[in-house]
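>>> what's the 3D shape of this:
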Amino acid sequence: MEKLVHVEIERGIATVTIDNPPMNVLSVQVTKELGEAFTGIAEDPNVIAVILTGAGNRAFMAGADIKEFPQWVDMSDDEFKTLNMESHRVLNLIDEIPKPTIAMLNGMALGGGCELALTCDIRIAEEHVQIGLPEVKLGLFPGGGGTQRLPRLIGEAKAKELMFSGDPISAEEARQIGLVNQVAPTGEGMGAARSLAEKMAGYSLQALSRIKQAVNEGMEKSFEQAIDHESDLFVDVFNTEDVREGVSAFIEKRTPNFKHQ
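The predicted model follows:
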């Protein structure tokens, strides 16, 4: 079976490309291979930052593979719940990987494609991109975490508007509401993503991973609990070799050489 997800690693950056033509839809096979790819990346000490994108320029991911839907209708409730939760397991794996992740949207990001992008820490969209959750038009609703991740990112009211209407929005509108971080000219999105990833790859993974942990886990706590959690992580990071190197480099007025330890 031909692989549909490819990983390239260069200078501390893993680039994960979904190549499921023509629209890079989220099939069962793509979901499985994404899980395998991100499991490997999580365990690879040479990877500091990750870029996730789609092959070509038509679609980052145009949604779930609707051709698989008819077989789902005939499943029992328990079977379908198991299938859906396996998809959530992979999406949560990407969301929680202890490394910074960038979704580079080089084409349509609809339905499951939008939900996949939401699992990344940062989203960069090329200017021709359309983003949306059109599931309501099929009598469905976003079942890949969209009802939970989108409101946490852009607020309840705007998230409901996008899901109730099912209409896509432009990259620029997505930037204005905080759904994407940057908009790049068509064809220049990967350059923008790599520039940001290279900057992050020059820092200590010990610090980067704790920033991500503090933010992600703090969002689910009260402010007081989150501050206490941040303090624990701050104490923890001071026990790393990279802190000693970073402080020494600052005092000695040189560029730090982080070992990610």
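>>> so what's the residue count around Glu172?
Glu172 sits with 12 neighbouring residues when counted by other CB atoms under 10 Å. All C-beta spots, glycine's among them, are computed from the backbone N, C-alpha and C.
>>> after the helix or strand that contains it, next one along is what?
When secondary structure is defined by DSSP states H and E, Glu172 falls within helix 171-176. Downstream of helix 171-176, the first helix or strand assigned by DSSP H and E is strand 182-184.
>>> can I get stretch 250-261 in PDB, CA atoms only?
This file holds the C-alpha atoms of stretch 250-261, laid out as PDB (Å, rounded to 0.1, in the frame of the first residue of the first chain):
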ATOM      1  CA  PHE A 250      24.300  35.700  27.700                       C
ATOM      2  CA  ILE A 251      27.000  36.700  30.200                       C
ATOM      3  CA  GLU A 252      29.800  35.800  27.800                       C
ATOM      4  CA  LYS A 253      28.000  37.600  24.900                       C
ATOM      5  CA  ARG A 254      27.900  34.600  22.600                       C
ATOM      6  CA  THR A 255      25.300  32.500  20.900                       C
ATOM      7  CA  PRO A 256      24.100  29.600  23.100                       C
ATOM      8  CA  ASN A 257      24.700  26.100  21.900                       C
ATOM      9  CA  PHE A 258      21.700  24.300  23.300                       C
ATOM     10  CA  LYS A 259      21.800  20.500  23.700                       C
ATOM     11  CA  HIS A 260      18.100  20.100  24.600                       C
ATOM     12  CA  GLN A 261      19.100  18.500  27.900                       C
END
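>>> centre of the chain to that stretch, how far?
Here stretch 250-261 is found 29 Å from its chain centre; the criterion is CA atoms, centre = their mean, to the nearest Å.
>>> can you list the neighbours in contact with it?
Identification of contacts with stretch 250-261 by CB atoms under 8 Å, 6 or more residues apart in numbering yields 45, 48, 202-206, 240-242, 245-246, 248-249.
>>> and Thr119, its phi and psi?
Per-residue torsions, Thr119: phi -80, psi -10 (degrees, to the nearest 10).
>>> quick one: the helices in the stretch 151-261 of the chain?
Here the stretch 151-261 of the chain has its helices, by DSSP state H, counting those that start in this stretch, at 156-165, 171-176, 189-201, 205-218, 223-237, 241-251.
>>> from the contact counts, what lies against the helix or strand of the chain with the lowest mean pLDDT?
Least confident helix or strand, the chain: helix 69-73 with a mean of 81, by mean pLDDT, DSSP states H and E. Contacting helix 69-73 under the criterion 3 or more CB pairs under 8 Å, 6 or more residues apart in numbering; DSSP states H and E is no other helix or strand.
>>> now that helix, how far from the centre of its chain.
27 Å.
>>> and Ile124, how close does it get to Lys160?
Distance from Ile124 to Lys160, counting by CB to CB, to the nearest Å: 25 Å.
>>> any idea which element Trp60 lies in?
Slight slip there: residue 60 is Phe, not Trp. Assigned by DSSP H and E, Phe60 falls within strand 59-61.
>>> residues making contact with that strand?
The contact list for strand 59-61, computed with CB under 8 Å, 6+ apart, reads 18, 22-26, 53-54, 103-110, 112-113, 116-117, 129.
>>> in PyMOL, how would I select the buried members of these?
A single PyMOL command selects the buried members of these (16 or more other CB atoms under 10 Å):
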select buried, resi 18+23+24+25+26+53+54+103+104+105+106+107+108+109+110+112+113+116+117+129
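>>> got the buried residues for stretch 155-173?
Buried residues in stretch 155-173 (16+ other CB under 10 Å): Lys158, Ala159, Leu162, Met163, Gly166, Pro168, Ile169, Ser170, Ala171.
>>> repeat that for stretch 246-253.
Going by neighbour count (16+ other CB under 10 Å), the buried part of stretch 246-253 is Gly246.
>>> repeat for stretch 122-129
Buried positions in stretch 122-129, judged by neighbour count with 16+ other CB under 10 Å: Ile122, Arg123, Ile124, Ala125, Glu126, His128, Val129.
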